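Enquirer: Build me a model:
(2 chains)
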There are 2 protein chains.
Amino acid sequence: MTNKKDINAGIIIIGNEILSGRTKDTNTSTLATWLNTLGIRVEEARVIPDKENIIIDTVNLFKKKFDYVFTSGGIGPTHDDITSESISKAFNITYGPHKEAYKILEKYYKTGEFNDGRQKMAWMPTEANLILNPTSGAPGFYVKNVFCLPGVPSILQSMLGGLKNKIVGGDPILSETISLRTVESEIAKSLLDVQNKFLDIEIGSYPFFKSGRVGVSIVIRSGDKDKIDKCCSEILKFVNYKKIEIIK
Amino acid sequence: MTNKKDINAGIIIIGNEILSGRTKDTNTSTLATWLNTLGIRVEEARVIPDKENIIIDTVNLFKKKFDYVFTSGGIGPTHDDITSESISKAFNITYGPHKEAYKILEKYYKTGEFNDGRQKMAWMPTEANLILNPTSGAPGFYVKNVFCLPGVPSILQSMLGGLKNKIVGGDPILSETISLRTVESEIAKSLLDVQNKFLDIEIGSYPFFKSGRVGVSIVIRSGDKDKIDKCCSEILKFVNYKKIEIIK
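Expert: Prediction:
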């Protein structure tokens, strides 16, 4: 049994604040974790600056390369928010006030408060489909397979629930983790032998430091539960033989 | 006054654990913040999987596209650590035990503990230059303009100090931040007017939520201190006029 179809995604993080180091990107991890639960594998993530030609080129490349594309950032009201206009250009769709988005925002703000800046958040590809925003009103949108979300992590996260029925996933990607009180070099050879027995299983080895002690997490990933179990048994064989402590 | 030369960099984060969402990447932020202090601007960061052809293609693209390239991840002792071999292939240099790295590791480990896995960490492009590792012995390396560092954030960070004299930076990229108790849509129009007056200055606007209250940080970046000061004055004019609270 393998995945019905191997469905993949690419993530584009748009924003100078990530490239300057000022802000740590957490949206890649949020999106990837969520996509995994839908059986969608993230193949690549790119952080790019707020430059129109780069946004257009990256979107045009990704929309062909991956089943789904997610962008984060650049859909707010200020001059440096240029994602919506760039997406319009990438798809050659008119950039203008989106009727439905305009209505949502008009209703969200009190009379007299729906100013120019707020109206700009209704500007997007006029034929886009909306992604509702339960946190702060201004919707995201998607055009074909490209889903555009805001950069603020808490708002992005709150919008994922409403997206589930708009995305067709694959069989879930399953994983098991075995954490060991050892260092990687002690198990490298044995782990390679197991990997060579299970060529279509992804076995990752990740050292960690916790409370001043080192350890290694072995992560086994596949769409096939049986194979994961067999692979885990093989790993546990050498772990027991070497008398390595398993961390529960 | 502008930068002596606009020196840039690209970052390649190598590792399935970032793309699965299991691990949040912090190395991009660490590297970007450090490079900024050297006057080097990060133009792009990519997260790619542990796949040889993708690593080779990305390195070959980046080494031409940017003045400096930094990779993180995949130089450890296990089977999924394939960065060193991939870099050898990208540069068409023999992949084998590096004499100096071998000596360092042989000395680092007690007699009898320098096993196969640990010896693998001395395998790299044989003509590479080493980057010393004050934390855990195993060195990183660089070939021409491509600098290869480990994925574990604390180890990567500890290796940057030793790199400073191997990199030629530009004039420092200066920045000022003005934090305001407002929302972006209240200042969008005024901020655009300021941006239009200072076309060669980068003005970013970043909403934040702290202790349940919203605010906006305006970040002004340039190599020219005078221009930053003038730009800040213009911003403070509309801030005072609109009676917006400045957060100290």
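Enquirer: what about the longest helix in chain A?
Expert: helix A:225-241 (DSSP state H).
Enquirer: What's the mean pLDDT across that one?
Expert: Taken as a whole, helix A:225-241 has an average pLDDT of 97.
Enquirer: Stretch A:140-152 too?
Expert: Computed over stretch A:140-152, the average pLDDT equals 98.
Enquirer: Same question for stretch A:105-116.
Expert: For stretch A:105-116, mean pLDDT is 90.
Enquirer: Just the buried residues of it, please?
Expert: Using 16 or more other CB atoms under 10 Å in any protein chain shown as the test for burial, stretch A:105-116 gives A:105, A:108, A:114. Every C-beta, even on glycine, is put in place using the N, C-alpha and C of the backbone.
Enquirer: hang on, the earlier thing: elements contacting whichever helix or strand comes after the longest helix of chain A?
Expert: Remark: after helix A:225-241, the chain's next helix or strand is strand A:245-247, criterion DSSP states H and E. Contact partners of strand A:245-247 among helices and strands, from 3 or more CB pairs under 8 Å, 6 or more residues apart in numbering or on different chains; DSSP states H and E: strand A:174-181.
Enquirer: Contacts for the strand it packs on next, please.
Expert: Strand A:174-181 is touched from outside by A:187, A:208, A:213, A:215-225, A:228-229, A:232, A:235-236, A:239, A:244-247, B:20, with contacts defined as CB atoms under 8 Å, 6 or more residues apart in numbering or on different chains.
Enquirer: at 7 Å what do you get?
Expert: A:215-223, A:225, A:228, A:232, A:235, A:239, A:244-247 (CB atoms under 7 Å, 6 or more residues apart in numbering or on different chains).
Enquirer: Helix or strand next in line after that strand, which one?
Expert: Following strand A:174-181 in sequence order, the next helix or strand is helix A:184-197 (DSSP H and E).
Enquirer: quick one: is that next one near chain B?
Expert: Yes - residues of helix A:184-197 contacting chain B under CB under 7 Å from any CB of the partner chain: A:184-186, A:188-189, A:191-192, A:195.
Enquirer: quick check: angle from that helix to strand A:174-181?
Expert: Relative orientation of helix A:184-197 versus strand A:174-181 (axes from the mean of the first three to the mean of the last three CA atoms, to 10 degrees): 150 degrees.
Enquirer: For the very next helix or strand once past helix A:184-197, list every residue counted as buried.
Expert: Elements were assigned by DSSP H and E; along the chain past helix A:184-197, the next helix or strand is strand A:202-210. For strand A:202-210, a neighbour-count test (16+ other CB under 10 Å) marks A:202-207 as buried.
Enquirer: circling back: kindly reformat the buried residues of stretch A:105-116 as CSV containing distance to chain B and secondary structure.
Expert: As requested, those are exported to CSV (distance: CB to the nearest CB, whole Å; DSSP: H, G, I helix; E, B strand; the rest coil):
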residue, distance to chain B, secondary structure
A:105, 10, helix
A:108, 11, helix
A:114, 9, coil
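Enquirer: which SSE is the spatially most central residue of chain A in?
Expert: The centre of chain A sits closest to residue A:31, judged by CA atoms, centre = their mean, with a distance of 2.8 Å. Using DSSP H and E, residue A:31 sits within helix A:27-37.
Enquirer: on that earlier part again, just the buried members of the contacts of strand A:174-181?
Expert: By neighbour count, with 16+ other CB under 10 Å, these hold A:215-223, A:228, A:232, A:235, A:239, A:244 as buried.
Enquirer: contacts with chain B among those, please.
Expert: A:219, A:221.
Enquirer: circling back to that earlier point, what's the longest helix of chain A in contact with?
Expert: Contacts for helix A:225-241 (CB under 7 Å, 6+ apart): A:174, A:176, A:178, A:180, A:190, A:194, A:197-198, A:201, A:218, A:220, A:222, A:246.
Enquirer: what's the farthest-apart pair in those?
Expert: Using CB to CB, the two most remote members of the contacts of helix A:225-241 are A:174 and A:190, lying 22.7 Å apart.
Enquirer: Report pLDDT for the residue lying closest to residue A:247 once chain neighbours are set aside.
Expert: The shortest distance from residue A:247 to any non-neighbouring residue, by CB to CB, 6 or more residues apart in numbering or on different chains, is to residue A:179 (4.2 Å). Note on residue A:179: pLDDT of 96.
Enquirer: shouldn't residue A:221 be in contact with residue A:200?
Expert: No - contact criterion CB atoms under 7 Å: residue A:221 and residue A:200 do not qualify, at 10.8 Å.
Enquirer: Domains in chain A, by residue range?
Expert: Following the assignment in automatic domain parsing, chain A carries domains at A:7-166, A:174-247.
Enquirer: Tell me which of those sits most buried.
Expert: domain A:7-166 (a mean of 19; mean count of other CB atoms under 10 Å in any protein chain shown).
Enquirer: Give me the distance from that domain to the chain's centre.
Expert: When C-alpha coordinates are averaged (CA atoms, centre = their mean, to the nearest Å), domain A:7-166 and its chain have centres 12 Å apart.
Enquirer: Can you get me the start-to-end distance on it?
Expert: End-to-end distance of domain A:7-166 (CA to CA, to the nearest Å): 14 Å.
Enquirer: So what pairs up with the residue nearest to residue A:247 in the strands?
Expert: Note on residue A:179: beta-bridge partners residue A:217, residue A:247, judged by DSSP bridges.
Enquirer: Listing request: residues of chain A with sub-threshold pLDDT.
Expert: Chain A contains residues with pLDDT under 70 at A:1-4.
Enquirer: how far away is the closest residue to residue A:91 other than its chain neighbours from chain B?
Expert: Closest residue to residue A:91 apart from its sequence neighbours, by CB to CB, 6+ apart: residue A:143 at 5.1 Å. From residue A:143 across to chain B, the span is 23 Å (CB to the nearest CB, to the nearest Å).
Enquirer: Please apply the same query to residue A:224.
Expert: According to CB to the nearest CB, residue A:224 and chain B sit 16 Å apart.
Enquirer: now do residue A:75
Expert: 11 Å.
Enquirer: what do you get for residue A:40?
Expert: As defined by CB to the nearest CB, residue A:40 lies at a distance of 11 Å from chain B.
Enquirer: ok, that residue - contacts?
Expert: By CB under 7 Å, 6+ apart, the residues touching residue A:40 are A:7-9, A:68, A:169-170.
Enquirer: same thing but 8 Å
Expert: Contact partners of residue A:40, counting by CB under 8 Å, 6+ apart, are A:7-9, A:67-68, A:167, A:169-170.
Enquirer: Rebuild the buried residues of stretch A:105-116 as CSV, extending it with distance to residue A:134.
Expert: Output for those, formatted as CSV (distance: CB to CB, whole Å):
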residue, distance to residue A:134
A:105, 14
A:108, 11
A:114, 19
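Enquirer: Show me which of those residues is closest to residue A:14.
Expert: Taking CB to CB as the measure, residue A:14 sits nearest to residue A:105 out of the buried residues of stretch A:105-116, at 21.4 Å.
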